[in-house]
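[1] Sequence and predicted structure below; questions after.
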Amino acid sequence: MYEQSFRKAVKYDAKLRFAVCGPSGSGKTYTLLRLGTELGGPVALIDTERGSASKYADLFTFDVLELESYDPALLIEIIEDVASKQYRVLCIDSLSHFWNGKDGELDKVDRAARRMQTPNSFAAWKQVTPLHNALIDKIVSAPLHILASMRAKTEWILDRDERTGRTVPRKVGLAPVMRDGIEYEFDVCGDMDQENTLVITKSRCPELAGGVFAKPGREVADVLKEWLGGAPPEQVAPKLSDGTQSEMQTMSAEGDLAGRVNGVAEPEPMAVLTEELVVIWKRMCSPRGVTTEFSELKKAIEELAGAAGVAEYYRILRQHGAEHPRQFRSMQPARLCAKDVYVLLERLRANVRDKAQQPDLGPESKPVASETMGPEAERWQTSQ
């Protein structure tokens, strides 16, 4: 029986799946390394081209693994290992070798067909297709950016030079050397030509759709980073009933910020992404929006905890590499920082609620700021 229910769609903080296809000399390896570096390392690269990627070691910082066998099962293991070692980007240069190279999918089909009493490649595919599907699942689900190059079936055509009137031969790429339909598995796919021009042929990122980029680099990476930003997956929960949602939010905000400022423990993350924080993130769609929302958060914290709260606010900013909100270069790091500031605000609010429910203990009871923010705040209150 159908038991699932619809919930509000949320855009998660995603990892990129990018594929580029082109003939020899079109700049596929360089493009992968350039985009991987711009996305933010560390970068790992699988080299199936006999050390060609290492020729760019003077231009980019990356770790390389050179292979001589291209078994898809081996690639699955490598992706798992790379993810466990905290790399942020994996470049596969090239994915075509795991299709038609030594021990690749076509090689496995041929071997399986020869083992049959009546060689039948269609029957042999029944053994290889599950391995292909497992590889695709691993690429799609890996917790890091995956950038892949693919060789292109090439053909020479004759172009007329408009300046001289002569015809000159030009090498062009046709279809990728890979199993049909591979482009469906990637967020962005593009073709490169001999002039190192990238033509976007498929894109889930609206700003890149149909784009043409000469020697693609930072411009493309910046658009992708902005598009990939969203709610952190581990902090997005399905829509709950109002009572359950309220209960979980209260649980996440309870306590007296016992980790407090000036060196003790960090605030614990929220259990759920609250609607208020989602609204804040939506307003942070421009530099002015970022500055405005941080200003409102700072104002709310100062009202609850005074100078000690403001000091903690700036400490969180510095923890995210900024002295002022306007120093954030993109929306995603600004939103992650705003989330931590919001956690602080929620705990201060919880403390105020708890204090309002407690009986009045007389003049010796502590003020909100010192109770909430720790010993440093208490000394600040005493000095006032």
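    Noted; the coordinates are in hand.
[2] For residue 92, which three-state class applies?
    Classification of residue 92 using DSSP: H, G, I helix; E, B strand; the rest coil returns strand.
[3] For it, give the beta-bridge partners.
    On the basis of DSSP bridges, residue 92 is bridged to residue 46, residue 148.
[4] Just the terminal-to-terminal distance for stretch 87-102.
    Start and end residues of stretch 87-102 are separated by 27 Å (Cα to Cα, to the nearest Å).
[5] What are the phi and psi values at residue 12?
    Here is the backbone geometry of residue 12 (degrees, to the nearest 10): phi -80, psi 160.
[6] what's the answer for residue 166, then?
    phi -90, psi 160.
[7] Please name the residues that touch it.
    Counting by Cβ atoms under 8 Å, 6 or more residues apart in numbering, residue 166 touches residue 160. Where C-beta positions appear, they are placed from N, C-alpha and C, glycine not excepted.
[8] mind running it again at 6 Å?
    Residue 166 sits next to no residue when contact means Cβ atoms under 6 Å, 6 or more residues apart in numbering.
[9] Check residue 184 too.
    Residue 184 neighbours (Cβ under 6 Å, 6+ apart): none.
[10] helices or strands next to the helix or strand where residue 31 lies in the packing?
    Per DSSP states H and E: residue 31 is located in helix 28-39. Secondary-structure packing of helix 28-39 (3 or more Cβ pairs under 6 Å, 6 or more residues apart in numbering; DSSP states H and E): strand 17-22, strand 89-93, strand 145-160, helix 218-228.
[11] What is the burial count for residue 210?
    Residue 210 has 10 neighbouring residues, counting by other Cβ atoms under 10 Å.
[12] And it, its phi and psi?
    phi 70, psi 10.
[13] Could you tell me the least trusted of the helices and strands packed on helix 28-39?
    Mean pLDDT is lowest for strand 145-160 among the helices and strands packed on helix 28-39, at a mean of 79.
[14] leaving aside the residues next to it on the chain, what's closest to residue 220?
    Distances taken as Cβ to Cβ, 6 or more residues apart in numbering place residue 213 nearest to residue 220, at 5.7 Å, with adjacent residues excluded.
[15] The one you found: helix or strand, and which one exactly?
    Residue 213 belongs to strand 212-214 when assigned by DSSP H and E.
[16] now do residue 277
    helix 275-283.
[17] could you say what helices and strands that helix packs with?
    Judged by 3+ Cβ pairs under 6 Å, 6+ apart, the packing partners of helix 275-283 are helix 287-319.
[18] what pLDDT, on average, does the helix holding residue 31 get?
    95.
[19] Likewise for stretch 315-333?
    Stretch 315-333 carries an average pLDDT of 85.
[20] and what of stretch 127-139?
    In this model, stretch 127-139 has a mean pLDDT of 92.
[21] chain center to it, what's the gap?
    When distances are taken as Cα atoms, centre = their mean, to the nearest Å, stretch 127-139 is centred 23 Å away from the chain's centroid.
[22] And the contacts of that stretch?
    With Cβ under 6 Å, 6+ apart as the test, stretch 127-139 has contacts from 72, 76, 79, 105, 108, 109, 112, 146, 185.
[23] 8 Å instead?
    Counting by Cβ under 8 Å, 6+ apart, residues outside stretch 127-139 touching it are 17, 72-73, 75-76, 79-80, 98, 105, 108-109, 112, 146, 148, 179, 185.
[24] Buried residues in it, which are they?
    128, 131, 132, 135, 136, 138, 139 (16 or more other Cβ atoms under 10 Å).
[25] swap in stretch 80-93?
    Those buried within stretch 80-93 under the rule 16+ other Cβ under 10 Å are 82, 83, 87, 88, 89, 90, 91, 92, 93.
[26] Does the first one belong to a helix, a strand or coil?
    Going back to what we said before, that points to residue 82. Going by three-state DSSP: residue 82 is helix.
[27] Quick check: the gap between the closest residue to residue 37 other than its chain neighbours and residue 18.
    Nearest non-adjacent residue to residue 37, counting by Cβ to Cβ, 6+ apart: residue 60, 5.3 Å away. According to Cβ to Cβ, to the nearest Å, residue 60 stands 16 Å off from residue 18.
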